[in-house]
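J.: Okay, predicted coordinates and the sequence, questions at the end:
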Amino acid sequence: MRLSVQLGIASTLPACTGPLSTLDPSGPAGASIATLWWVMLTGASVLFVLVITLFLLVIWRPGWGAGVSPGRWLVLGGLVLPGIVLIPLVAYALIAGESLLPSPGHTPPRIEAVARQWTWTFHYPDHGGVETRNVLHMPAGTPIDILVSSQDVIHAFWIPRFAGKIDAVPGHVNRLRIQADRPGRYAGQCNEFCGLGHAGMRFDVVVDRPEEFSAALARAAAAEGSEKK
C-alpha cells in the first residue's frame, strides 16, 4: 500500500513543472494564482479530513453522536463545519483575485495579441508597429498590457506560468497585464476550443533582458518579414 502511494505521488509531481505548469510560476500574477491553488488545496484537505474523521467515528463507535438531534447535526455538520473552512477560503480568493486586476493610473507598454484560426499575431505599437507570428517577445521585469482580440471565433489567450487566461472575442478587446520575472523561453496557447486546429494553436514566449529587448524584437520582425517574402 505504501509503495502504491509513493508511486502515485511520484507520477504526479512532474505535472507540477514544465512550460505549461501553473504551479511553476515565472511572474507575480502567476505566483499569486499558484499560491491561491495551494491555499485552496490545503483548505479542501482540512475539510476532507474533518468529514472523514466524523465518518470513521460513526463506523468505529456505533451510537456515537446519538445524543445529538438531527437538526443540530444539519447545522453543525452542514453549515458550521464547512463554513469554518470555506469562508476564509472565499475571502482569500476574493482578495487574491482583486490583486490580479490592472491598477489604474499607470499605463505600461502594450502588445496587441490577435487570434485567428489557428495562429496568433502580435503587434507592437510602441515599437513602430512591427509584428511577429506565433512568437511573443517581451522584456523581463516589466509589466506589459496584452490587448487581446479575435478576427473570427472566440479564442483564449493563456500563458500558464505568467497569469490566468483571458478570452479573445471578435469585435472586442480584453486587457491582461502580465510580467515575466526572468529572461527565458516560455509557452502559451489558446485555451478555448476554436475548431479542428485548436490543439495546435500554441505560441512561444521569448522574454529578453530589458536592454536587449528592442534589438531582439527588431531581429524577430525582420526574420518574419523575410519569411513572408
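T.: Nice, I can see it.
J.: Output stretch 158-173 as CSV, nothing but the C-alphas.
T.: The C-alpha trace of stretch 158-173 is given here as CSV (Å, rounded to 0.1, in the frame of the first residue of the first chain):
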residue,chain,number,x,y,z
TRP,A,158,-3.1,31.9,-21.9
ILE,A,159,0.5,31.8,-20.7
PRO,A,160,0.2,29.5,-17.6
ARG,A,161,3.4,30.5,-16.0
PHE,A,162,2.7,34.2,-16.1
ALA,A,163,-1.1,34.7,-15.5
GLY,A,164,-4.6,33.4,-15.9
LYS,A,165,-6.3,33.2,-19.3
ILE,A,166,-8.5,35.8,-20.9
ASP,A,167,-10.9,35.4,-23.8
ALA,A,168,-10.2,36.7,-27.3
VAL,A,169,-13.6,37.9,-28.5
PRO,A,170,-14.4,39.1,-32.1
GLY,A,171,-15.1,42.8,-32.1
HIS,A,172,-13.9,43.4,-28.5
VAL,A,173,-10.5,44.0,-26.9
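J.: Give me the buried positions along that stretch.
T.: Buried residues in stretch 158-173, counting neighbours by 16 or more other Cβ atoms under 10 Å, are found at Trp158, Ile159, Pro160, Arg161, Phe162, Ala163, Gly164, Lys165, Ile166, Asp167, Ala168, Val169. Just so you know, the C-beta spots here come from the backbone N, C-alpha and C atoms, and that holds for glycine as well.
J.: ok, now which ones touch the closest residue to His198 other than its chain neighbours?
T.: Excluding the flanking residues, the one nearest His198 by Cβ to Cβ, 6 or more residues apart in numbering is Cys190, at 6.2 Å. By Cβ atoms under 8 Å, 6 or more residues apart in numbering, the contact set of Cys190 is Ala115, Trp118, Trp120, His155, Ala156, Phe157, Trp158, Ala168, His198, Met201, Arg202.
J.: Sitting in strands, which of those residues do you find?
T.: Counted as lying in strands by DSSP state E, out of the contacts of Cys190, are Ala115, Trp120, His155, Ala156, Phe157, Trp158, Ala168, Arg202.
J.: Dump those residues to CSV, plus distance to Pro109.
T.: Shown next, in CSV, are those (distance: Cβ to Cβ, whole Å):
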residue, distance to Pro109
Ala115, 20
Trp120, 18
His155, 23
Ala156, 22
Phe157, 17
Trp158, 20
Ala168, 20
Arg202, 24
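J.: What subset of those is buried?
T.: Ala115, Trp120, His155, Ala156, Phe157, Trp158, Ala168, Arg202.
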